[in-house]
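Chemist: Predicted structure and sequence below. I'll ask about it afterward.
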Amino acid sequence: MKKKIFVAAAMASMAWSSAHALEPGYLGLLGDYTFTDSVRNTKDGSGFTLLYGLPLAEALDLEFNAGTARYQRKYASGSDRAHHLGADLRYTFAGTPVLSGFLIGGAGAMFDRTAAKNDTSPYLNVGLGLRVPLIKNWSTRFEVREYATFNDSFKDSTQFDTRLGIGFEYALGTAPAPAPVIVDGDSDGDGVRDSIDQCPGTAPGTPVDAKGCPLPPPDTDGDGVPDSQDRCPGTPAGIQVDANGCPLDDDGDGVPNSLDRCPNTPAGFKVDEQGCVIEKQTVAVLNSVSFEFNSSRLTADAKQSLARVVEGLKGQQSMTVEIAGHTDAIGSVAANQKVSQQRANAVREYLIGQGIAGSRLTAKGYGKAKPIASNDTADGRAENRRVEFHVLTR
């Protein structure tokens, strides 16, 4: 046992010799609470620890400690005391201005004062903690450590105790002098002196002009959208583009405005390379939900859907269409024929009311004769109840 203590003391002495020239260090005071090993037959106890640390290298300190703790006995009156003296190495992680963590571990001697006898035993410990700067040289410290004490007097020759500590550190010496202020430097490193830099704080690596302000991002095709965001590079000069750098296509027919000879094409109509509606095509525009229940009167939503059709017909004055009404298979042939014709007529009358010549519009009801989906399901029947536009001529 004495040999173990001698080795621990020798190691601490060697560390002291290597670190002594690096003063000043720091002082510390911790309040401790220890969760004791059950073999000690004592309750958990409290105490305090004094600290003195010396820097060995960047982020590495040698720390000497001395402390005491008191534990109430479980099965007898009075209390036991344990004094400790040791040396640790502390490694501090790179933290933030308000927080840094550390690992700590080392060895020392534990002086147990119990009712039965007094013992001196070596111990090892390892732990981790946090430091939070307060003001000037002061900081607060939190830590938790696990101690392994090698004392043959107890039932188990090794006792494991967990110790929590909270307290303060005081850095010895004075804080480093602030760096001298450089007159007319280049604080943001953009190559422009501070005295003429009109845009200080430019992000590193940003190209700047002679005034220190960021250069506009490159825009090779000159459409106003930077190359890094341009999804349609090489746009010809003078072409209006959207936020992605692609030519505008207001009616969404796939033909840019600059090439579209038939603007305002209704949604869903196929067009040629000039943006004009192709003949002999059918487009479903309205379904049964667009009419009032069991009626041929158009709802407000239906009129909104037809607004694009009105614009398209006005934009292509020569286009003629057939308005075709369809129903599902529920009900008699005659009833379905009647309601499909009425709804086709209602759409035609609405378009005429919006300024479209009646000579360009033909209304025809097909009843349930031309389903586009199965009439065996509710979804299929809903698809079949529709109004279509058949482009006759353009």
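Modeler: Great, that's in hand.

Chemist: shouldn't Lys303 be in contact with Tyr350?
Modeler: Yes: under the criterion of C-beta atoms under 8 Å, Lys303 makes contact with Tyr350 at 6.8 Å. All C-beta spots, glycine's among them, are computed from the backbone N, C-alpha and C.

Chemist: more neighbours, those two?
Modeler: Tyr350 (18 against 13; other C-beta atoms under 10 Å).

Chemist: tell me, how many neighbours does Val29 end up with?
Modeler: Actually, residue 29 is Leu. It isn't Val. 15.

Chemist: residues in contact with it?
Modeler: Residues near Leu29 by C-beta atoms under 8 Å, 6 or more residues apart in numbering: 48-51, 167-168.

Chemist: can you rerun that using 6 Å?
Modeler: Residues near Leu29 by C-beta atoms under 6 Å, 6 or more residues apart in numbering: 167-168.

Chemist: again with Gln274
Modeler: Contacts for Gln274 (C-beta under 6 Å, 6+ apart) come out as Arg261.

Chemist: how much space between it and Asp260?
Modeler: 7 Å (C-beta to C-beta, to the nearest Å).

Chemist: do the same with Lys117
Modeler: Distance, Lys117 to Asp260, using C-beta to C-beta: 102 Å.

Chemist: who's more crowded, these two?
Modeler: Neighbour tally, Lys117 and Asp260, criterion other C-beta under 10 Å: the higher count belongs to Asp260, 23 against 8.

Chemist: Helix or strand next in line after the helix or strand containing Glu143, which one?
Modeler: Using DSSP states H and E, Glu143 maps to strand 138-150. Tracing the chain past strand 138-150, the next element assigned as helix or strand by DSSP H and E is strand 158-171.

Chemist: helices and strands of this protein: which one has the lowest mean pLDDT?
Modeler: Lowest by mean pLDDT, DSSP states H and E among the helices and strands of the chain is helix 2-19, with a mean of 44.

Chemist: Arg308 is in what secondary structure piece?
Modeler: Using DSSP H and E, the element containing Arg308 is helix 300-315.

Chemist: what distance separates that helix from the centre of its chain?
Modeler: Relative to its parent chain, helix 300-315 has a centroid offset of 43 Å by C-alpha atoms, centre = their mean, to the nearest Å.

Chemist: what comes up buried for that helix?
Modeler: 302, 305-306, 308-313, 315 (16 or more other C-beta atoms under 10 Å).

Chemist: could you point out which element follows that helix?
Modeler: strand 320-326.

Chemist: Convert stretch 340-348 to PDB, retaining C-alpha atoms only.
Modeler: Extracted in PDB, the C-alpha atoms of stretch 340-348 (Å, rounded to 0.1, in the frame of the first residue of the first chain):
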ATOM      1  CA  SER A 340     -76.700  17.100 -71.400                       C
ATOM      2  CA  GLN A 341     -78.200  19.400 -74.100                       C
ATOM      3  CA  GLN A 342     -79.400  21.900 -71.600                       C
ATOM      4  CA  ARG A 343     -75.900  22.200 -70.000                       C
ATOM      5  CA  ALA A 344     -74.200  22.500 -73.400                       C
ATOM      6  CA  ASN A 345     -76.800  25.300 -74.200                       C
ATOM      7  CA  ALA A 346     -76.100  27.000 -70.900                       C
ATOM      8  CA  VAL A 347     -72.300  27.100 -71.600                       C
ATOM      9  CA  ARG A 348     -73.000  28.400 -75.200                       C
END
